[in-house]
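Colleague: please find the sequence and the predicted model below.
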Amino acid sequence: MESTIIQKPAMRLVGLATKVTLYDVQQNRTTLKLSAEFMERKAEVINCINEREVFGLCTDPEEYDPETDPFEFFIGVEVSSNGDIPKGMVVREIPAHTYVLFTFKGSFENAGAVHAYLYSTWLKQSGYELAGSYNIEIYDERNHGPESEDSVTDICFPVRKK
């Protein structure tokens, strides 16, 4: 699986967030429902920097156990300021950081293979370690929806040299 080390500047995102478990994501499709709701409301967000990029942000709690623990799923767009946040939406600040970027093709379910590869292989061989308990998915013009086999999605994990 191809990976690239990139630098990303700090970002301010505005969008919708919910707490979910891995089971919710796989069985109840909670993240798909929230994503659809955000896409319907995306035009309400003013100060959007790039209309073509939407960000999914998954943040794990400390000592995260994927079998049982809920994590936060956020979906939103980058904005230039916090002004006029639409009702029910929230702001998330992402620090400037070094990331490992993976690109995967197909439905959102294929993200699981990226996570598995990151933990089973990449971190052991790369000379890097995780530097945060979150990851960022980037949905741009290559993404044709979460269930499309033609979608291309980037996923970034914060890292630092060991």
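Modeller: Arrived safely.
Colleague: buried stuff in the top helix by length along the chain?
Modeller: Using DSSP state H, we find that the single longest helix of the chain is helix 30-41. Buried positions in helix 30-41, judged by neighbour count with 16 or more other CB atoms under 10 Å: 30-31, 34-35, 38. For every residue, glycine as well, the C-beta is placed using N, CA and C.
Colleague: what do you get for stretch 77-85?
Modeller: In stretch 77-85, counting by 16+ other CB under 10 Å, buried: 77-79, 85.
Colleague: what distance separates it from the centre of its chain?
Modeller: 18 Å (CA atoms, centre = their mean, to the nearest Å).
Colleague: end to end on it, go ahead and measure it.
Modeller: End-to-end distance of stretch 77-85 (CA to CA, to the nearest Å): 12 Å.
Colleague: what lies in contact with it?
Modeller: The contact list for stretch 77-85, computed with CB atoms under 8 Å, 6 or more residues apart in numbering, reads 11-15, 42, 45-51, 53-55, 91.
Colleague: need the phi and psi values for Ser133.
Modeller: According to degrees, to the nearest 10, the main-chain angles of Ser133 amount to phi -100, psi 40.
Colleague: remind me which residues of the chain are low pLDDT?
Modeller: Where the chain drops to pLDDT under 70, the residues are 28.
Colleague: what ranges does it have for its helices?
Modeller: Assigned by DSSP H, the chain shows helices spanning 22-23, 30-41, 111-117, 123-126.
Colleague: can you list the buried residues in the last one?
Modeller: Going by neighbour count (16+ other CB under 10 Å), the buried part of helix 123-126 is Leu123.
Colleague: what's in contact with that helix?
Modeller: 3, 100, 129-130, 159.
Colleague: just the ones in strands from these, please.
Modeller: Residues of the contacts of helix 123-126 located in strands (DSSP state E): 3, 100, 129-130, 159.
Colleague: now those residues as CSV including distance to Asp150?
Modeller: Shown next, in CSV, are those (distance: CB to CB, whole Å):
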residue, distance to Asp150
Ser3, 22
Val100, 24
Glu129, 34
Leu130, 30
Val159, 29
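Colleague: what would the residues you listed look like in a markdown table with neighbour count and distance to Ala116?
Modeller: As requested, the ones in strands among the contacts of helix 123-126 are arranged in a markdown table below (neighbours: other CB atoms under 10 Å; distance: CB to CB, whole Å):
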| residue | neighbour count | distance to Ala116 |
| --- | --- | --- |
| Ser3 | 18 | 14 |
| Val100 | 20 | 14 |
| Glu129 | 10 | 17 |
| Leu130 | 15 | 14 |
| Val159 | 22 | 17 |
